[in-house]
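Colleague: Provided below for reference: sequence and predicted model.
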Amino acid sequence: MEKFTTFSAIVAPLDRANVDTDAIIPKQFLKSIKRTGFGPNLFDEWRYEDVGQPDSDNSQRPLRKDFVLNQARYQGAKILLARENFGCGSSREHAPWALKDFGFDVIISPSFADIFFNNSFKNGILPIILDEKTVDDLFNETFETEGYELKINLAEQKIVKPNGDEIAFDVDSFRKHCLLNGLDDIGLTLEHAAEIEAFEANRKATKPWLY
Amino acid sequence: MAGKTLYDKLWDDHVVRQEEDGTALIYIDRQLLHEVTSPQAFEGLRIAGRKPWRIEANLATCDHNVPTTELKGGAETIEDPISRIQVVTLGMNTKEFGITEFGMGDPRQGIVHVVGPEEGKTLPGSTLVCGDSHTATHGALGALAHGIGTSEVEHVLATQCLIQKKMKNMLVKVDGQLKPGVTPKDVILAIIGKIGTAGGTGYAIEFGGQVFRDMSIEGRMTVCNMAIEGGARVGLVAVDDKTVEYVKGRPFAPTGANWDMAVEAWQDLHSDDDAEFDCVVEMNGADIEPQVSWGTSPEMVLGVDGVIPDPEKEADPVKATSIRNALKYMGLAAGTAIKDIPAEYIFIGSCTNSRIEDLRAAAEVLKGRKISDKVELAIAVPGSGLVKEQAEAEGLDKIFIEAGFEWRNPGCSMCLAMNADRLPSGKHCASTSNRNFEGRQGAGGRTHLVSPEMAAAAAVEGHFVDVRDML
C-alpha cells in the first residue's frame, strides 16, 4: 500500500444520506476477480443514463449531466463529501476499490457504516467523521465556491480550509500509523505468530470440540 | 463489578492480544467463503506466498452467481461468462489450498448462511466470519459472527485472526407475545423501522425478551440476519435448549465426550442478570403488525395498514430529501395505502427467508389457492440443496407449483441479481429478502420487503394484503 501523504484537492459533494455499497458499485461489476478497474463504474446507476454491464465501453455511454461527478467543476476531485451513514449495506470491498480507483483518497461524512469504514482504511482511503454542522457548512461552501479545495493533513489530524481555518479530526492511532507508513496488516499480525499459536494450542486443549 | 453481556463473554474468550488503545487481535474459529468476495483474497495469498493458517477452519460454497433454473452440469455450464469465471475460480482456489467446497450439483450447496448452521459448522460460542454482511445470521446460535471485507478474508486465511476494536453493547428487548400471523421478519423490520438503518452502527445487538425466547432457531436467524440492516455488524441471541437441540447431530457438530463438554460450556452463553448495556431499546411484541417496506432503505417500513409518508411534513431536510428520492424511484405517491401497491413479482428466498420453516409458512398460505393474473413471475428458491430435498419430501414443491410459482434450485437468486434472476425496471416485487436499495434486485426494480407469509398473500391477490385475513 502507498504511504498516505498530505495533499490539497477539489471536493465533490454527494448530497444524499444512506448511500449504500450497491449504489457505490452495482452488483454486475462485482464479478471481476481483480482489485482494480472498478473506477469507471463507481456510482454507475447515478452516473450513466443506461444500465452498464461489465463489458460495456464506458467511454461511449451517455452521462447524466446533473450527477455531481459528471460536472466540470468537480473534475479531479480526491475528496468526497457525504451525508450520514455512508457505505451502508453489503460488505463488498469493491466499494472502496471503486472509490480509490476513481481517485478518492478521503471521504468526509457525519457517519459511516462499520464494515465500509473498516474496508476503507485497508485500501488507503481515509474516512473522516465530522459533526453534522461542520459537514453541512462544508457542503454549503463547496456549492458556493467553484474550485473549492481542502488540504488534508493526516499526520497532524487536521483539515485546512481555503481561508486558512482548520478543522481537527479523530483517527484511530493504529490505523493512522498503518496509513502513514503504507503497512500491510497481515505482515503486522504475523509478527505475533507465536502468540497466535499459543492461543490456539490452549484453545485446542480447553475447547477440543472446535477442532 | 457489573456482569458481562453475551457479547463481552464471546469477545473476552477470543482475545489473543490487545494494544493499549484497545486494538485487539481476535481469534477466528470459522470462516465461510463464497465466490464473490474471495478471489482477490486467494490471489493475495498466492502473490505473498502464504498458506492458510488452519485449512479445516474454512468451508466454501457458491451462491451469489449460481443459476436457480435446471442445472446442466457443474460451474463450467453457467451461461453468463462472468458468473462462470467466479464460480470456476472458487473451485480452483479451494482445490489449490485444500479447502472443502460444496460446489454446484452437490446437495449440500446453497446460500452460505443457510449452509453454515445446517452443517453444524456454526457452533455456539465460536467466532465466525464471512465476506458477506449477512454473516450476522449465525449469531442466532450464540456465535460471534460478522461480515468482513476481502482484505480481512485474506487476513483470516493467513493468520486465523482479525484486527478489531470492541463494539458497544445494545439490547433490543421485545417482550410480550406476537399476534398470530406476525413473524420473525416482521419483528426485525419493525425494529429497523424504530432504530433506523444506522441505529446499531458501532454496536453488537443482543435480541432478548420473551419474543426471542419463544422463537424457533430459524426465526432467530431471520432476525439476526438483518441486524446489519439496522447498522449492527453483529446480532446475537442467548443459547438455550433450542440452540443445543438444533446443533445436535449435524455433520460438523461435536460428538461423544466432546459434545458433552461443549454443551456444558454453552450453558454460560447468555448475558448475566446484572450485565450493563450501552443502549437498551424496548418494544412490545403485541404491538407489531405485519410489515411492508415502501422505500429504498429498510427503515422505510410500515405496518400493512399504513399509508406512505409525505416528505413535505418531514421536518428534517436530509430525511425529507431521502423520502422524495425514494418515492420518485419507487413510482409511489405520498398518501398511498400500502395495500394499494401492486405486487407484480414475488420472490420467496434469500439468506433471510429460505429455510424450511419459511417455505412451510408460505406454502400454508398458498395451499388450495392460485396466484393472481396480475403477477408476472413468482419464484420460490430454497436456501440449500438439503432444504430443497426436505421441502420436496413434505410435498411443498407441489403446493408452490400448483399455485403458479416456479420451484427453483438453491442460490441467492433475485435477492441481489448477480445471477439470471432479476427484477425488471419499474416492477414492484414482494420479496422476502433483506435489502430494498435502488437497483438491488435489478436496475430500476422496486423491492418491498415482507415475510414469506405476506409474500404468498400478495401473490394470491396481486397487491399487498394483510395475510391474517387469509389464515
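Modeller: Arrived safely. Computed from a predicted structure; not experimentally measured. Numbering: from 1, shown residues only, chains lettered A, B, ... in the order given.
Colleague: show me the strands in chain A, by range?
Modeller: Along chain A, counting by DSSP state E, strands occupy A:7-14, A:79-82, A:106-109, A:126-129, A:149-153, A:158-160, A:166-168.
Colleague: could you tell me the angle between the first one and strand A:149-153?
Modeller: With axes from the mean of the first three to the mean of the last three C-alpha atoms, to 10 degrees as the basis, strand A:7-14 and strand A:149-153 are set at 120 degrees to each other.
Colleague: buried ones in strand A:7-14?
Modeller: A:A9, A:I10, A:V11, A:A12, A:P13, A:L14 (16 or more other C-beta atoms under 10 Å in any protein chain shown). Every residue, glycine included, has its C-beta placed from N, CA and C.
Colleague: how about the residues you listed in CSV, adding distance to B:A136?
Modeller: CSV is the format used below for the buried residues of strand A:7-14 (distance: C-beta to C-beta, whole Å):
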residue, distance to B:A136
A:A9, 36
A:I10, 38
A:V11, 34
A:A12, 32
A:P13, 32
A:L14, 27
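Colleague: now the strands of chain A as JSON lines including mean pLDDT and distance to chain B?
Modeller: Compiled in JSON lines, these are given as follows (pLDDT from 0 to 100; distance: least, C-beta to the nearest C-beta, whole Å):
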{"stretch": "strand A:7-14", "mean pLDDT": "98", "distance to chain B": "12"}
{"stretch": "strand A:79-82", "mean pLDDT": "98", "distance to chain B": "11"}
{"stretch": "strand A:106-109", "mean pLDDT": "98", "distance to chain B": "11"}
{"stretch": "strand A:126-129", "mean pLDDT": "98", "distance to chain B": "11"}
{"stretch": "strand A:149-153", "mean pLDDT": "98", "distance to chain B": "21"}
{"stretch": "strand A:158-160", "mean pLDDT": "98", "distance to chain B": "20"}
{"stretch": "strand A:166-168", "mean pLDDT": "98", "distance to chain B": "18"}
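Colleague: most packed of the ones you listed?
Modeller: Of all those, strand A:79-82 carries the top mean neighbour count, a mean of 26, counting by mean count of other C-beta atoms under 10 Å in any protein chain shown.
Colleague: contacts for it, please.
Modeller: With C-beta atoms under 8 Å, 6 or more residues apart in numbering or on different chains as the test, strand A:79-82 has contacts from A:9-14, A:16, A:19, A:99, A:104-109, A:135, A:138-139, A:142, A:150, A:152.
Colleague: send the alpha carbons of stretch B:230-249 over as CSV?
Modeller: The C-alpha trace of stretch B:230-249 is given here as CSV (Å, rounded to 0.1, in the frame of the first residue of the first chain):
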residue,chain,number,x,y,z
GLY,B,230,-30.1,-1.7,11.4
GLY,B,231,-26.4,-0.8,11.2
ALA,B,232,-25.0,-3.5,13.5
ARG,B,233,-22.5,-6.0,12.2
VAL,B,234,-23.4,-8.4,15.0
GLY,B,235,-26.7,-9.8,16.1
LEU,B,236,-26.9,-12.3,18.9
VAL,B,237,-29.4,-14.4,20.8
ALA,B,238,-28.6,-16.3,24.0
VAL,B,239,-28.1,-20.0,23.9
ASP,B,240,-30.9,-22.1,25.3
ASP,B,241,-32.2,-25.7,25.0
LYS,B,242,-33.5,-25.0,21.5
THR,B,243,-30.0,-24.0,20.3
VAL,B,244,-28.4,-27.2,21.7
GLU,B,245,-31.2,-29.3,20.2
TYR,B,246,-30.7,-27.5,16.8
VAL,B,247,-27.0,-28.2,16.6
LYS,B,248,-27.1,-31.8,17.9
GLY,B,249,-26.3,-34.5,15.2
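Colleague: that one vs chain A: in contact?
Modeller: Yes. Residues of stretch B:230-249 are located near chain A by C-beta under 8 Å from any C-beta of the partner chain, namely B:G231, B:A232, B:R233.
Colleague: make a ChimeraX selection of the buried ones in the residues you listed.
Modeller: Burial among those is assessed by 16+ other C-beta under 10 Å; the matching ChimeraX selection reads:
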select /B:231,232,233
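Colleague: looking at the residues of stretch B:230-249 next to chain A, which is nearest chain A?
Modeller: Each of the residues of stretch B:230-249 next to chain A was scored against chain A by C-beta to the nearest C-beta, and B:R233 proved nearest at 5.1 Å.
Colleague: who touches that closest one in this structure?
Modeller: Neighbouring residues of B:R233 by C-beta under 8 Å, 6+ apart: A:D114, A:I115, B:S133, B:A136, B:H146, B:G147, B:M167, B:A204, B:A227.
Colleague: got the domain boundaries for chain A?
Modeller: Using automatic domain parsing, the domains assigned to chain A come out as A:7-180, A:184-211.
Colleague: tell me the gap between the longest one and the middle of its chain.
Modeller: This means domain A:7-180. On the basis of C-alpha atoms, centre = their mean, to the nearest Å, domain A:7-180 is displaced by 5 Å from the centre of the chain it belongs to.
Colleague: swap in stretch B:115-126?
Modeller: With C-alpha atoms, centre = their mean as the basis, stretch B:115-126 stands 15 Å off its chain's centre.
Colleague: stretch B:126-141 now?
Modeller: 9 Å.
Colleague: now stretch B:107-125
Modeller: Centroid separation for stretch B:107-125 versus its chain: 12 Å, with C-alpha atoms, centre = their mean.
Colleague: is it in proximity to chain A?
Modeller: Yes. Applying C-beta under 8 Å from any C-beta, one finds stretch B:107-125 in contact with chain A at B:L123, B:G125.
Colleague: cool, stretch B:71-90 as well?
Modeller: Yes. Residues of stretch B:71-90 contacting chain A under C-beta under 8 Å from any C-beta: B:I82, B:S83, B:I85, B:Q86, B:T89.
Colleague: list the contacts of the first one.
Modeller: Spelled out, that is B:I82. B:I82 makes contacts with A:Q28, A:K31, A:S32, A:P54, A:D55, as judged by C-beta under 8 Å, 6+ apart.
Colleague: inside helices: which ones of the contacts of B:R233?
Modeller: Counting by DSSP state H, the part of the contacts of B:R233 found in helices is A:D114, A:I115.
Colleague: would you turn the contacts of B:R233 into CSV with neighbour count, pLDDT and distance to B:Q18?
Modeller: Putting these into CSV (neighbours: other C-beta atoms under 10 Å in any protein chain shown; pLDDT from 0 to 100; distance: C-beta to C-beta, whole Å) gives the following:
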residue, neighbour count, pLDDT, distance to B:Q18
A:D114, 25, 94, 19
A:I115, 28, 94, 22
B:S133, 27, 96, 26
B:A136, 30, 98, 24
B:H146, 30, 97, 18
B:G147, 23, 97, 23
B:M167, 20, 98, 14
B:A204, 28, 98, 17
B:A227, 33, 98, 25
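Colleague: in strands only, show me the contacts of B:R233.
Modeller: Counting by DSSP E, these place B:H146, B:G147, B:A204 in strands.
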